[in-house]
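A.B. asks: Generate coordinates for the sequence data below:
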Amino acid sequence: MSYSNFNQVFKDFDKQRVLIIGDVMIDAYIWGTVDRISPEAPVPIVTATKRDFRLGGAANVALNIQALGATPILCAAIGNDDGGDRFKERLDIGQISNEGIIESSERPTTVKTRVMAGHQHIVRVDEETDRPLSKEEEAQLWARIEKLLPTCQVVIFEDYDKGVITKNIIKKTVDLATKEGIPTVVDPKKRNFLGYKGVTLFKPNLKELKEGLKLDFEKGNQEELEKAVELLLEKLGCAGTLITLSEKGVFINYKNERHLIPAHLREISDVSGAGDTVISIAALCVALNLPPVAIAALSNLGGGLVCEFVGVVPINKASLLDEAIRLKISL
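C.D. replies: Numbering: from 1, shown residues only. Presented below is the predicted three-dimensional model:
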């Protein structure tokens, strides 16, 4: 279907089911005040005043997909522990399905605890493993993916290198999605960077692109960027790639089109979670078969909008639509 305006595009977001495979986590926060230094060591004493637990990692992509009006289906592994209980509780509160979640007694739920005093980030404590899934865990996760994938319109791999996405899971998922005619979109990390053969759209940031291909070139060198992208497409055999360039915007090479979309000038408060927003918007645009320039421009716009807020927040659908119309983004 071809679209003449973004109002119809955003209405059709509501009809999409999105399978999200990846590493989920709990983002825990402890807020407090600092009035003195510890007598035991030269460190601040934080008097805690508030705690909060939020969905993070691939689950934040699910929140973005939900905020855009679509239905997220998470396929991931959590531990049979307190963190896992909190994770399931947050899914229930957010009305996100847990039918793709497996529980393991062999690995902990990833929990990242940030201690904050005012706006100052004092310390972060990570409880996690990056061990790849065992054969039994992998079989359990694949059973969920195999059942749920045919009910969805697009698949997102959200890789944080915590071991949930294995080479076997990638291959079997891409093979099944290809058979079903369902596009696959990837937000990669280092371990599996060149393992996503034959996907539809591959979305690294510039640092990940250079590290994954073992290249080095200046940030603003467009010629070298385009050479790197061609090399990436050759190695992966994928249909296209979307490269996020932070304050430089995004570059897309997809369906024989190349577009560099500059970033919009904004008051940046926090870049945390912007990549999750970008992959969410891009996946829905791919599912609706939008032209490459629209995929890149809308994803770029959404990533910038969430940077105006402190902390990880999902995109506001109404604000994104208003901005797309105001800026006359091309369809």
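
A.B. asks: which stretches of this protein have low pLDDT?
C.D. replies: 265-273, 307-313 (pLDDT under 70).

A.B. asks: can you give me the strands for it?
C.D. replies: Listed in chain order, the strands of the chain (DSSP state E) span 17-22, 24-37, 44-57, 71-79, 101-104, 110-117, 120-127, 154-158, 184-187, 201-202, 240-244, 250-254, 257-261.

A.B. asks: Relative to A58, how far out is the most centrally placed residue in the chain?
C.D. replies: Centroid check for the chain by C-alpha atoms, centre = their mean gives D276 as the closest residue, at 3.2 Å. Note on D276: its distance to A58, by C-beta to C-beta, to the nearest Å, is 8 Å. From N, CA and C alone the C-beta is placed, and that goes for glycine too.

A.B. asks: And for E224?
C.D. replies: 31 Å.

A.B. asks: do the same with W142
C.D. replies: From W142 to A58 the distance is 16 Å (C-beta to C-beta).

A.B. asks: Kindly report the same for N168.
C.D. replies: For N168 relative to A58 (C-beta to C-beta), the value is 18 Å.

A.B. asks: quick one: which of these two has more around it?
C.D. replies: A direct count of neighbours by other C-beta atoms under 10 Å for N168 and A58 places A58 higher, at 28 against 15.

A.B. asks: Pull out the buried residues from stretch 215-228.
C.D. replies: L225, A228 (16 or more other C-beta atoms under 10 Å).

A.B. asks: how far is it from where the chain is centred?
C.D. replies: 24 Å (C-alpha atoms, centre = their mean, to the nearest Å).

A.B. asks: ditto for stretch 70-78
C.D. replies: Counting by C-alpha atoms, centre = their mean, stretch 70-78 comes out at 12 Å from the chain centroid.

A.B. asks: Same question for stretch 66-80.
C.D. replies: So, by C-alpha atoms, centre = their mean, the centroid of stretch 66-80 is 11 Å from its chain's centroid.

A.B. asks: Can we start the residue count at 36 from this point?
C.D. replies: Understood, numbering begins at 36; the last thing we discussed is stretch 101-115.

A.B. asks: buried set for it?
C.D. replies: 101-103, 105-114.

A.B. asks: with the residues you listed in mind, which one is nearest to G135?
C.D. replies: Nearest to G135, judged by C-beta to C-beta, of the buried residues of stretch 101-115 is C110 at 3.7 Å.

A.B. asks: what pairs with the closest one across the strands?
C.D. replies: I56 (DSSP bridges).

A.B. asks: In contact with it, which residues?
C.D. replies: Listed by C-beta atoms under 8 Å, 6 or more residues apart in numbering, the contact set of C110 reads L54, I55, I56, G135, I136, L176, R179, I180, L183.

A.B. asks: Tell me the bridge partners for the fifth one.
C.D. replies: So that's I136. A111.

A.B. asks: circling back to that earlier point, export the strands of the chain to JSON lines and append columns for distance to L248.
C.D. replies: Converted to JSON lines, those look like this (distance: least, C-beta to C-beta, whole Å):
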{"stretch": "strand 52-57", "distance to L248": "22"}
{"stretch": "strand 59-72", "distance to L248": "28"}
{"stretch": "strand 79-92", "distance to L248": "25"}
{"stretch": "strand 106-114", "distance to L248": "28"}
{"stretch": "strand 136-139", "distance to L248": "33"}
{"stretch": "strand 145-152", "distance to L248": "28"}
{"stretch": "strand 155-162", "distance to L248": "28"}
{"stretch": "strand 189-193", "distance to L248": "19"}
{"stretch": "strand 219-222", "distance to L248": "15"}
{"stretch": "strand 236-237", "distance to L248": "12"}
{"stretch": "strand 275-279", "distance to L248": "11"}
{"stretch": "strand 285-289", "distance to L248": "14"}
{"stretch": "strand 292-296", "distance to L248": "18"}
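
A.B. asks: quick one: the helices in the stretch 236-366 of the chain?
C.D. replies: Per DSSP state H, counting those that start in this stretch, the stretch 236-366 of the chain carries helices over the ranges 241-248, 257-271, 309-322, 327-341, 352-361.

A.B. asks: what angle do the last one and helix 309-322 make?
C.D. replies: Pointing back at helix 352-361 there. 70 degrees (axes from the mean of the first three to the mean of the last three C-alpha atoms, to 10 degrees).

A.B. asks: so how far is helix 352-361 from its chain's centroid?
C.D. replies: 21 Å.

A.B. asks: next one: stretch 186-205
C.D. replies: 11 Å.

A.B. asks: Flag every buried residue along it.
C.D. replies: Taking 16+ other C-beta under 10 Å as the criterion, stretch 186-205 shows 187-195, 197-201, 204-205 as buried.

A.B. asks: Quick one: end-to-end length of it, please.
C.D. replies: 18 Å (C-alpha to C-alpha, to the nearest Å).

A.B. asks: didn't R159 look like it was pressed against G91?
C.D. replies: No: the pair R159 / G91 is not scored as a contact, 12.0 Å apart, by C-beta atoms under 8 Å.

A.B. asks: Look at the two and report which has more neighbours.
C.D. replies: Applying other C-beta under 10 Å to R159 and G91 shows that G91 carries more neighbours, namely 25 against 12.
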